[in-house]
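[1] heads up, no residue letters with this:
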């Protein structure tokens with residue numbers, strides 16, 4: 001053990017003076033020196049601890065081995081100043097011993113590590129009545145403070161007098177993995193505001209099965225009726241397996257990377273045959289027996305060979321416009337193709353009529369007078385026909401028609 005040396009004159013404190021440990025720690029620094037002289041095969045060494053000197057001849061060039069051979073026990077807190085030392089030619093080695101000490105309220109001294117947890121004592125200093133803390137030791141005071149360490153679901157308060165983040169990590173025996181996140185960096189100096197956070201980063205593989213949507217092929221069939229559709233082949237989804245690499249921070253997935261895709265089964269295409277004629281397109285009705293009206297023609301209405309009705313009470317030759325947009329008729333019914341607007345003075349509400357364009361290209365068909373409108377005052381329109389949408393109405397325009405009233 002290196003003996004502590006007198007550090008020069010210091011002010012003598014009264015026996016009743018006490019140093020409170022709650023806020024203060026002291027740094028004990030002891031210096032010694034070793035003088036080394038070169039010999040032919042060995043080195044002549046004089047080790048001085050400030051009070052005693054030891055002379056040896058050493059055949060080693062390692063300064064720490066020289067100190068040990070001289071009978072000095074090193075406990076790991078010493079540093080060697082090798083500025084004046086040459087392993088081949090001799091010289092001077094300065095030995096500095098440093099320990100943190102804690103001065104209790106009763107005057108006892110306890111040694112502490114450079115980084116320590118609250119109340120963690122390494123050992124009590126040797127009590128000696130002849131030991132004068134204030135005159136026999138060179139010392140300076142350092143304020144202790146607390147830093148916070150958060151790791152593995154724990155939060156710990158660590159009391160220290162200084163050092164780095166790495167020192168705290170070592171003192172708590174926290175193992176930092178290659179992918180783990182440590183903030184601040186290990187070489188960051190500690191302050192009273194330091195908060196150390198360790199985040200565990202893990203990687204895991206997972207697989208996920210997903211459907212491959214089938215496609216649909218639509219074939220237009222001129223032979224099908226209005227809006228008719230036939231499914232030739234039902235579609236079927238395929239299946240694929242996706243492989244991911246998930247990155248988790250403290251158990252929470254923060255990034256998923258797709259690493260592979262494997263098709264388990266191919267999708268089957270859906271095939272449909274659809275009519276070339278659509279009820280919301282006026283051209284679909286041209287020169288066709290299909291009627292725009294959605295009302296079913298009663299069996300009492302008969303037709304001759306050219307398709308014109310027979311047995312009607314009145315034939316009105318006039319013009320018809322078209323409208324759309326939804327809502328209710330004047331008689332309170334929901335509008336739809338087949339309910340038409342009339343001048344009730346000419347064609348009373350509830351009248352059954354059959355409407356065909358004068359040129360025979362379009363058959364509006366069987367309908368009932370259920371509505372009226374502003375066209376009555378215009379004077380150039382006889383009836384207003386309800387249709388699926390505005391485009392159909394525009395295509396119809398104001399067309400000459402035959403109105404068969406039953």
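    Noted; the coordinates are in hand. All of these numbers come straight from a predicted model, not from anything done at the bench.
[2] could you pull up the mean pLDDT of stretch 169-182?
    When pLDDT is averaged along stretch 169-182, the result is 94.
[3] mind checking the end-to-end distance for that stretch?
    10 Å (C-alpha to C-alpha, to the nearest Å).
[4] any idea how far that stretch is from the middle of the chain?
    Relative to the chain's own centre, stretch 169-182 is displaced by 25 Å; criterion: C-alpha atoms, centre = their mean, to the nearest Å.
[5] with stretch 372-382 instead?
    Centroid displacement of stretch 372-382 relative to its chain, using C-alpha atoms, centre = their mean, is 64 Å.
[6] first-to-last residue distance for that stretch?
    Note: stretch 372-382 ends 11 Å apart using C-alpha to C-alpha.
[7] contact partners of it?
    Here stretch 372-382 makes contact (C-beta atoms under 8 Å, 6 or more residues apart in numbering) with 316, 318-321, 323, 330, 341-344, 346, 384, 398, 401, 403. Placement of C-beta: from N, CA and C, glycine included.
[8] now do the contacts for the residue nearest the centre of the chain.
    Relative to the mean C-alpha position of the chain, the nearest C-alpha, by C-alpha atoms, centre = their mean, is the one of residue 254, at 5.4 Å. By C-beta under 8 Å, 6+ apart, residue 254 lies in contact with 247, 248.
[9] the helix or strand where residue 321 lies: how far from the chain's middle?
    Assigned by DSSP states H and E, residue 321 falls within strand 314-323. Its chain's C-alpha centre and that of strand 314-323 lie 66 Å apart, by C-alpha atoms, centre = their mean.
[10] go through that strand and flag the buried ones.
    By 16 or more other C-beta atoms under 10 Å, the buried positions in strand 314-323 come out as 316, 319, 320, 321, 322, 323.
[11] distance from the chain centre to the helix or strand where the residue nearest to the centre of the chain lies, please.
    Assigned by DSSP H and E, residue 254 belongs to strand 252-265. Relative to its chain's centre, strand 252-265 lies at 16 Å (C-alpha atoms, centre = their mean).
[12] show me where the stretch 201-350 of the chain has strands.
    201-212, 216-221, 229-233, 238-249, 252-265, 270-275, 302-303, 309-310, 314-323, 339-341 (DSSP state E, counting those that start in this stretch).
[13] list the helices and strands the second one packs on?
    Using 3 or more C-beta pairs under 8 Å, 6 or more residues apart in numbering; DSSP states H and E, the elements in contact with strand 216-221 are strand 270-275.
[14] and the strand it packs on, which strands flank it?
    Note on strand 270-275: by DSSP bridges, its sheet partners are strand 216-221 (parallel), strand 229-233 (antiparallel).
[15] dump these into CSV; add mean pLDDT and distance to residue 85 as well.
    Putting the strands paired with strand 270-275 into CSV (pLDDT from 0 to 100; distance: least, C-beta to C-beta, whole Å) gives the following:
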stretch, mean pLDDT, distance to residue 85
strand 216-221, 92, 89
strand 229-233, 94, 93
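[16] ok so, going back, quick one: average pLDDT of the strand holding residue 321?
    Strand 314-323 comes out at a mean pLDDT of 93.
[17] what sits up against it?
    With C-beta under 8 Å, 6+ apart as the test, strand 314-323 has contacts from 341, 346-347, 355, 358, 364, 373, 375, 380-387, 392-393, 396-405.
[18] and what of stretch 233-250?
    Under C-beta under 8 Å, 6+ apart, the answer for stretch 233-250 is 181, 199-216, 253-271.
[19] ChimeraX command for the buried members of those?
    Buried members of the contacts of stretch 233-250, defined by 16+ other C-beta under 10 Å, are picked up in ChimeraX with:
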select :200,214,267,270,271
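[20] sorry, back to before: buried only: go through the contacts of strand 314-323 for me.
    341, 346-347, 355, 364, 373, 375, 381-387, 392-393, 396, 399, 401-405.
[21] let's see which of those residues end up in helices.
    Using DSSP state H, the members of the buried ones among the contacts of strand 314-323 that fall in helices are 375, 392, 393, 396.
[22] ok, so of those residues, who is nearest residue 304?
    Checking those against residue 304 with C-beta to C-beta, the nearest one is residue 396 at 25.5 Å.
[23] I'd assumed residue 282 was in contact with that closest one.
    Yes: the pair residue 396 / residue 282 is scored as a contact, 6.0 Å apart, by C-beta atoms under 8 Å.
[24] start to end distance for stretch 168-176?
    With C-alpha to C-alpha applied, stretch 168-176 spans 12 Å between its terminal residues.
[25] buried residues in that stretch?
    168, 169, 171, 172, 174.
[26] what's the distance between the closest residue to residue 174 other than its chain neighbours and residue 248?
    Distances taken as C-beta to C-beta, 6 or more residues apart in numbering place residue 151 nearest to residue 174, at 5.6 Å, with adjacent residues excluded. Separation of residue 151 from residue 248 (C-beta to C-beta, to the nearest Å) stands at 16 Å.
[27] neighbour count: the two, which is higher?
    residue 151 (20 against 15; other C-beta atoms under 10 Å).
[28] ok, the more buried one - contacts?
    172, 174, 196, 197, 198.
[29] return the subset of the residues you listed lying in helices.
    Using DSSP H, none of the contacts of residue 151 sit in helices.
[30] of all the residues you listed, which two lie farthest apart?
    Using C-beta to C-beta, the two most remote members of the contacts of residue 151 are 172 and 197, lying 13.0 Å apart.
[31] pLDDT weak spots in the stretch 201-350 of the chain?
    Within the stretch 201-350 of the chain, no stretch has pLDDT under 70.
[32] now do the stretch 51-200 of the chain
    Low-confidence segments of the stretch 51-200 of the chain, defined by pLDDT under 70, span residues 51-53, 74-84, 90-143.
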